[in-house]
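prediction below, plus the sequence it came from.
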Amino acid sequence: MFSRKTLLSFAALLFLTIWFAAAPVVNAALPKHYQEKKVFYDALSIVLNKYITPVGNWSLLEGSAKGLLVLGQERLTVKSEPDQLQVTIAGNKTLQFTKEEVEHNAIALVDSMSTIFDTIFEQFPQLDKTKVIHTAITGMVATLEPNSYFIEPEDLKRLQDQNRGLFGGIGLEITIRNGEIYVVSPYEGTPAFHAGLRPKDHITAVDGQRTSGLRMIEVSERIRGKKGSKVTLSIMRDGWDAPRDIT
């Protein structure tokens, strides 16, 4: 049986973290429309300037726009072709973007996303602007390799609480691929190691709750739990016909 006494770590090559202690820190001299979107520009700058491999502007624009699909089809639809992107907002505001304009022009990329945001905010003033922008960032980061993801401020706080020792773990490193959670490696001498978990094991559920489609931070929190508590992982392994519970 697992005892949550050792740390679980994340197998993430990039934690794209935009964090505010309370509220976004912006330069009061900046135009209001820029302040509202500054967090997106900051995230974009991190990806363009610090990501380990070069990323195309067109891919980032597509990813950001598609991330906004969670707003609902009645608010936004996206039609993507190899060299053209069409974003329709509120059913009647159609924005057109071309790869030729954006791919090698960072300013055009920023202007394109700014136009999308401005149109959404104009058509749907009741929406939480910060949430809309975070959604676009999530879509943008999803275009990178599978272990890269955006951590929202409230999630970051929970992560910091965990790292201060408020939560335990089972000594397991995990990663996410195509929305599914896999074991990278158990740490030698930890509960996960002694329970027989192996690299590439697919974690299909935690305490009976399916993990498919969950963010890695959500799965990690379910695995961690409070110190001294127990956890059951449902594991699918190559050669097995069905998942098996390891507790």
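That came through, no problem.

so what's the spatially most central residue of the chain closest to, chain neighbours aside?
Computing the C-alpha centroid of the chain and ranking residues by CA atoms, centre = their mean puts Tyr149 first, at 3.5 Å. Nearest residue to Tyr149, sequence neighbours excluded (CB to CB, 6 or more residues apart in numbering): Val141, at 5.6 Å. Heads up, the C-betas are built off the backbone N, CA and C, glycines and all.

circling back to that earlier point, and the pLDDT for the residue nearest to the centre of the chain?
You'll see Tyr149 listed with a pLDDT of 73.

elements contacting the helix or strand where it lies?
Secondary structure assigned from DSSP states H and E places Tyr149 in strand 148-151. The helices and strands touching strand 148-151, judged by 3 or more CB pairs under 8 Å, 6 or more residues apart in numbering; DSSP states H and E, are strand 14-17, helix 129-141.

try 10 Å
If contacts are counted by 3 or more CB pairs under 10 Å, 6 or more residues apart in numbering; DSSP states H and E, strand 148-151 sits against strand 14-17, helix 129-141, helix 153-161, helix 216-224.

any idea how the chain splits into domains?
The chain resolves into domains spanning 14-151, 167-246 when parsed by automatic domain parsing.

these: which one's closest to Lys157?
Taking CB to CB, domain 14-151 is the member of the domains of the chain nearest to Lys157, at 8.3 Å.

where does the chain dip in pLDDT?
Across the chain, the stretches falling below the confidence threshold (pLDDT under 70) are 1-34, 147, 158-168, 225-227.

how about the helices in it?
Using DSSP state H, the helices assigned to the chain run over residues 32-50, 57-67, 99-102, 106-123, 129-141, 153-161, 191-194, 216-224.

could you dump those to JSON lines with mean neighbour count and distance to Tyr182?
Listed next are these as JSON lines, based on neighbours: other CB atoms under 10 Å; distance: least, CB to CB, whole Å:
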{"stretch": "helix 32-50", "mean neighbour count": "16", "distance to Tyr182": "24"}
{"stretch": "helix 57-67", "mean neighbour count": "22", "distance to Tyr182": "22"}
{"stretch": "helix 99-102", "mean neighbour count": "18", "distance to Tyr182": "33"}
{"stretch": "helix 106-123", "mean neighbour count": "17", "distance to Tyr182": "32"}
{"stretch": "helix 129-141", "mean neighbour count": "21", "distance to Tyr182": "19"}
{"stretch": "helix 153-161", "mean neighbour count": "15", "distance to Tyr182": "20"}
{"stretch": "helix 191-194", "mean neighbour count": "20", "distance to Tyr182": "13"}
{"stretch": "helix 216-224", "mean neighbour count": "20", "distance to Tyr182": "10"}
